[in-house]
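Asks: below are the sequence and a predicted model for it; my questions follow.
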Amino acid sequence: MTRLTRALVFVGATLLSASAWVADAQAMQIQPVTGASGVEAWLVEDHSVPVVTIRFAFAGGAALDPVGKGGAASMVASLLDEGAGPYDSLAFHRRIDDLAGQLRFSAAQDEFDGSLRSLKQNLFDSADLLRLALAEPRFAPEDIERIRGETLAGLARQAKNPRSLSGRLWMHDAFEKHPYGSSVDGSEESVGAITRDDLAAFAGARFHRSGLLVGIVGDIDKTEAAALIDRVFGDLPKGADETEIAETKPLDDGALVVSRAAVPQSVVTFGQAGPKRDDPAWYAAYVLNEILGGGGFRGRLMKEIREKRGLAYGVSTQLVPYRHAGLIVGNVATENGRVAESIALVREEWRHMREEGPTAAELENAKTYLTGSFPLGLDSTQHIAGVLVQMQQDKLGIDYLDRRASLIGGVTLDEARSVAKKLFDPGALSFAVVGDPADVEPTRSPRPPKF
Amino acid sequence: MSTFTRNSLILAGLLLFAAVAVTPAAAQRFNAESFTLGNGLQVIVLPNHRVPAVTQMVWYKTGAADDPRGKSGIAHFLEHLMFKGTRANPGAAFSALIAQNGGRDNAFTTEDYTVFHETVAKDRLDLTMRLEADRMTGLVLDDAAVLPERDVILEERRMRIDNDPSALLREQLIAGLYLNASYHNPTIGWEHEMRGLGTADALAFYRDWYAPNNATLIVAGDVETAEVRVLAERHFGPLAARSVPPRLRLEEPPHYAAIRLEMKSPRAAQPSWRRFYLAPSYRAGATQHVYALQILAEILAGSADSRLHKALVLDKKLALSVGAGYSPSALGLAEFGVYATPKPGVAIADIEAAVEAELHRLLEHGVEAEEVAQAARRMQASAIYSQDSLSGPANIVGTALAIGRSLDEVAAWPDKLGAVTPAEVAAAARAVLVERNSATGILLPERTS
């Protein structure tokens, strides 16, 4: 009883501090910046370390890969720093290394992301390399073949790695024909079919100012930031912001599929349809996900599967909001002989959450954790810049950080229970198991993904 | 029960010492400030006012290399069990309280140190310090808590090692490289020994090593040293210093034969080649080479223009990827690693010959001044980037102190790298890249059908 009382006292105190926190996050101050070119960015100034990070996203990613050319967007990402403008691959790398700049590109299903972290003193020289990479990538045949080789080797590794295999098996099974059913990395066949024209076509079609979202953080002021975005993005074509991806939902047959692999521990991915980011039930679902599948030692699944029974090192779930589909997915890994128990417990907790919803104490604890822990992650220029881009992608408004705590704090017990009834559907919850599980009966054969 | 008793006795007795504190010594890098409590707990404050948050870390100067013979994995197992409660905060109260206060917590174990860390809003530092101080001496364990957690670490081993042929080979290779030295056994433990670990083993290790005089407290974030001093004295000050065993790091006998392991696995996607050489660390072996060896790893494989990447990946087109790795942050010896993954169709022997050709070229002709300067510049930039987070500086400082280095040495790192000469790199390479001191591991896919 003492523990319970103390816990309640702490919750009260923390809610107060969560609002104090928001005031502090506000002090971080996000400023809108517009360059002479019309390109816009969100900026957070922080002059404590002589470092600047710029992160950005172009709308449209791997889901737009042409049919039979899966992996094209991802290969573009790997090739942008392999030579551009006057620099061949080696010269480009030498230049960025001399400037100690950190340039990264990656393709996701719905967008193409990039980032540059630079020492303040080298910022504009590094930014010129970023501009060249986007506007004048070389895609030299020799570099294409080298990156293709690396990509194929990566696919071969994924095909043997139980964790990647389980995730891909689940996604492919859930979305078979939709682009989300294919990996952003493509398959051996599709990567083999990608030509230089495909890569150039992707860059030409996607790298334009319409739909471009930018976040800048660090030792830079508003005037310099405006000059920076003009320098990097100002000469890109205007373009048009079109999307051609169909809305979709994961298969809801509640299947359990198994892919046999000679490993001592079975890896399980599980999930079902969830809310998209603009769903009115998002915040309730976000809190429910924390209560069921929060990491650390917080979630019900962790308590039942790890703490009480020692069945896994970790088990967690997350909401995955694609632009055209929403998911709640999780994973767990348990030795072959006991994995059936873990699967049964996931099912049981899914049913329990649907039928009973959370308790009042669980709801309060989860809200406190989610509001309190979020700002703690805003400690590096890269994290903050990532949040700035994400907020723009999700159309949350520049004042979102001020409102976030009340959006989460406003989820009531009634609302959480009613969303739990709609969200958690044990009949639709499906499992993809990779390993040599005992006492696990597949409901049908998997539709194995191509690697 | 004796744990409880000791805890309350200490509270009365140690207040006398707690007020004694050493004058803060400021170190240039990270603006670190340091003081020591009367019970020997060293406290480091790393101010960072970017966000109103603090990261607290307690570094215990013990790790898997201190596992008693036959008890491999006990240091790591105890790290897990430190979340199982004390009399004051029973059960899972520790993590629950941190989460209920909007914070995050976790822990990790290496060969030489064991670390517990929390990140919280700055006004919660009092809570996290109270909780960490409480479990420094107040841990309560019984079989009901310990046995399910033993299953958890076995699952962790399956996840990290047994399910991954490359990790399995690495484990065997390290055991081969360290014939006698304390790093012979894996940090997580050998499975057959892990299965036998129990409550008494964990408590014995805890009583041996967990004491304020064998720990460093690091607080990074939006705080002032004066504040930290008050809280540290309040919560950690009352804990008694205890005698702690010496950290034995056994030495290697001379190696007369290179180790060579080949493993075939149906779970391996492609062949790979790697080699470790026994190398000095900051604290053991030929320590005069440690900065030159960091530059050497960078020259070999730190960039697209590096020697191995240029020769094997770009020019000869034999490899998909190459790497080199060296971390001198160890109390005993360290290892210098070189890695290569051949392109499909390229024989492992050809990859090995190509790597060796590059190493021989370097041993014979040394390195260029410009290569050394470029490598140093890139690594010095990483020192600036390391300030771009709360945990970066805390990890760097914590690692150094945990192996008995000083804040001054941490501060001097960029200058030490800048002062390395080509002759020193060549001398370091000749001292370390010695075949008989190496262990080479070859992983080959095995067709099952």
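Replies: Sure thing, it's come through. Numbering: from 1, shown residues only, chains lettered A, B, ... in the order given.
Asks: show me what counts as buried in the host helix or strand of A:Leu401.
Replies: Counting by DSSP states H and E, the element that carries A:Leu401 is helix A:400-409. Using 16 or more other Cβ atoms under 10 Å in any protein chain shown as the test for burial, helix A:400-409 gives A:Tyr400, A:Leu401, A:Arg404, A:Ala405, A:Ile408, A:Gly409. In short, each C-beta sits where N, CA and C put it, glycine included.
Asks: can you lay out those as TSV showing pLDDT and distance to chain B?
Replies: Formatted as TSV, the buried residues of helix A:400-409 follow (pLDDT from 0 to 100; distance: Cβ to the nearest Cβ, whole Å):
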residue	pLDDT	distance to chain B
A:Tyr400	96	17
A:Leu401	94	12
A:Arg404	96	13
A:Ala405	95	10
A:Ile408	97	11
A:Gly409	97	12
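Asks: turn these into a markdown table, columns for distance to B:Glu251.
Replies: Shown next, in a markdown table, are the buried residues of helix A:400-409 (distance: Cβ to Cβ, whole Å):
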| residue | distance to B:Glu251 |
| --- | --- |
| A:Tyr400 | 58 |
| A:Leu401 | 55 |
| A:Arg404 | 56 |
| A:Ala405 | 56 |
| A:Ile408 | 56 |
| A:Gly409 | 59 |
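Asks: on that earlier part again, got the CA coordinates for the helix holding A:Leu401 in PDB?
Replies: Written as PDB, here are the backbone C-alpha positions of helix A:400-409 (Å, rounded to 0.1, in the frame of the first residue of the first chain):
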ATOM      1  CA  TYR A 400       2.900  21.200 -31.800                       C
ATOM      2  CA  LEU A 401       5.500  20.800 -29.100                       C
ATOM      3  CA  ASP A 402       3.500  23.300 -26.900                       C
ATOM      4  CA  ARG A 403       0.400  21.200 -27.500                       C
ATOM      5  CA  ARG A 404       1.800  17.700 -27.400                       C
ATOM      6  CA  ALA A 405       1.500  17.200 -23.600                       C
ATOM      7  CA  SER A 406      -2.100  18.300 -23.500                       C
ATOM      8  CA  LEU A 407      -3.000  16.200 -26.600                       C
ATOM      9  CA  ILE A 408      -1.700  13.100 -24.800                       C
ATOM     10  CA  GLY A 409      -2.800  14.200 -21.300                       C
END
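Asks: quick one: secondary structure of the residue in chain B positioned nearest to chain A?
Replies: Taking Cβ to the nearest Cβ, chain A has its nearest neighbour within chain B at B:Gly102, 1.3 Å off. With DSSP: H, G, I helix; E, B strand; the rest coil as the basis, B:Gly102 sits in coil.
Asks: which residue packs closest to the residue nearest to the spatial centre of chain B, ignoring adjacent ones?
Replies: In chain B, the residue lying closest to the centroid (Cα atoms, centre = their mean) is B:Thr110, at 4.7 Å. Nearest residue to B:Thr110 in three dimensions, chain neighbours excluded: B:Gly63, at 5.1 Å (Cβ to Cβ, 6 or more residues apart in numbering or on different chains).
Asks: which of the buried residues of helix A:400-409 lies closest to A:Ser259?
Replies: Set against A:Ser259, the nearest of the buried residues of helix A:400-409 by Cβ to Cβ is A:Ile408 (37.8 Å).
Asks: C-terminal to the helix holding A:Leu401, what's the next element?
Replies: Taking DSSP H and E, what comes next after helix A:400-409 is helix A:413-423.
Asks: restrict that next one to CA atoms and write it as CSV.
Replies: The C-alpha coordinates for helix A:413-423 follow below in CSV (Å, rounded to 0.1, in the frame of the first residue of the first chain):
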residue,chain,number,x,y,z
LEU,A,413,-10.2,6.5,-19.6
ASP,A,414,-13.5,6.2,-21.4
GLU,A,415,-11.9,7.2,-24.7
ALA,A,416,-8.9,4.8,-24.2
ARG,A,417,-11.3,1.9,-23.4
SER,A,418,-13.5,2.6,-26.4
VAL,A,419,-10.4,2.9,-28.7
ALA,A,420,-9.0,-0.3,-27.3
LYS,A,421,-12.2,-2.2,-28.2
LYS,A,422,-11.9,-1.0,-31.8
LEU,A,423,-8.2,-1.2,-32.2
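Asks: show me what contacts A:Leu236?
Replies: A:Leu134, A:Ala135, A:Phe207, A:His208, A:Arg209, A:Leu212 (Cβ atoms under 8 Å, 6 or more residues apart in numbering or on different chains).
Asks: need these in JSON lines with distance to B:Ala376 and pLDDT, can you?
Replies: Converted to JSON lines, the contacts of A:Leu236 look like this (distance: Cβ to Cβ, whole Å; pLDDT from 0 to 100):
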{"residue": "A:Leu134", "distance to B:Ala376": "31", "pLDDT": "98"}
{"residue": "A:Ala135", "distance to B:Ala376": "33", "pLDDT": "97"}
{"residue": "A:Phe207", "distance to B:Ala376": "35", "pLDDT": "96"}
{"residue": "A:His208", "distance to B:Ala376": "40", "pLDDT": "95"}
{"residue": "A:Arg209", "distance to B:Ala376": "40", "pLDDT": "95"}
{"residue": "A:Leu212", "distance to B:Ala376": "37", "pLDDT": "97"}
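Asks: so which bits of stretch A:239-247 are buried?
Replies: Result for stretch A:239-247 [16+ other Cβ under 10 Å]: buried residues A:Gly239, A:Ile245.
Asks: and that stretch, end to end?
Replies: 23 Å (Cα to Cα, to the nearest Å).
Asks: who touches that stretch?
Replies: Contacts of stretch A:239-247 (Cβ under 8 Å, 6+ apart): A:59-60, A:63-64, A:110, A:178-179, A:208-211, A:323-325.
Asks: contacts for the helix or strand hosting A:Leu165?
Replies: Using DSSP H and E, the element containing A:Leu165 is helix A:162-175. Helix A:162-175 is contacted by residues A:157-159, A:180-183, A:248, A:250-251, A:255, A:257, A:259, A:261, A:263, A:265-271, A:325, A:327, A:329, A:331, A:333, A:430-435, A:446-449, A:451, B:163 when judged by Cβ under 8 Å, 6+ apart.
Asks: 6 Å - rerun?
Replies: Identification of contacts with helix A:162-175 by Cβ atoms under 6 Å, 6 or more residues apart in numbering or on different chains yields A:158, A:181, A:183, A:250-251, A:257, A:259, A:261, A:263, A:267, A:269, A:432, A:434, A:446-447, A:449, B:163.
Asks: ok, and the closest non-adjacent residue to the residue of the stretch 351-451 of chain A found nearest chain B?
Replies: In the stretch 351-451 of chain A, the residue that lies nearest chain B is A:Gly372 (1.3 Å; Cβ to the nearest Cβ). Nearest non-adjacent residue to A:Gly372, counting by Cβ to Cβ, 6+ apart: B:Gly102, 1.3 Å away.
Asks: what's the answer for A:Ala59, then?
Replies: Per Cβ to Cβ, 6+ apart, closest to A:Ala59 is A:Gly211, 3.4 Å.
Asks: show me which of the contacts of A:Leu236 are buried.
Replies: Buried, going by 16+ other Cβ under 10 Å: A:Leu134, A:Ala135, A:Phe207, A:His208, A:Arg209, A:Leu212, out of the contacts of A:Leu236.
Asks: of those, which belong to helices?
Replies: Members of those lying in helices (criterion: DSSP state H): A:Leu134, A:Ala135.
Asks: tell me how far A:Gly274 lies from chain B.
Replies: Here the distance between A:Gly274 and chain B works out to 23 Å (Cβ to the nearest Cβ, to the nearest Å).
Asks: name the SS class of the residue nearest to that residue when sequence neighbours are not counted, please.
Replies: When the adjacent residues along the chain are set aside, A:Gly274 lies closest to A:Ile328, with 3.7 Å between them (Cβ to Cβ, 6+ apart). Classification of A:Ile328 by three-state DSSP places it in strand.
Asks: quick one, what contacts A:Ile328?
Replies: Counted by Cβ under 6 Å, 6+ apart, A:Ile328 has contacts A:Gly271, A:Gly274, A:Thr317, A:Leu319.
Asks: return the distance of it relative to B:Gly285.
Replies: Per Cβ to Cβ, to the nearest Å, A:Ile328 is found 52 Å from B:Gly285.
Asks: now swap in A:Ala135 and tell me
Replies: Look at A:Ala135 and B:Gly285: by Cβ to Cβ, they are 51 Å apart.
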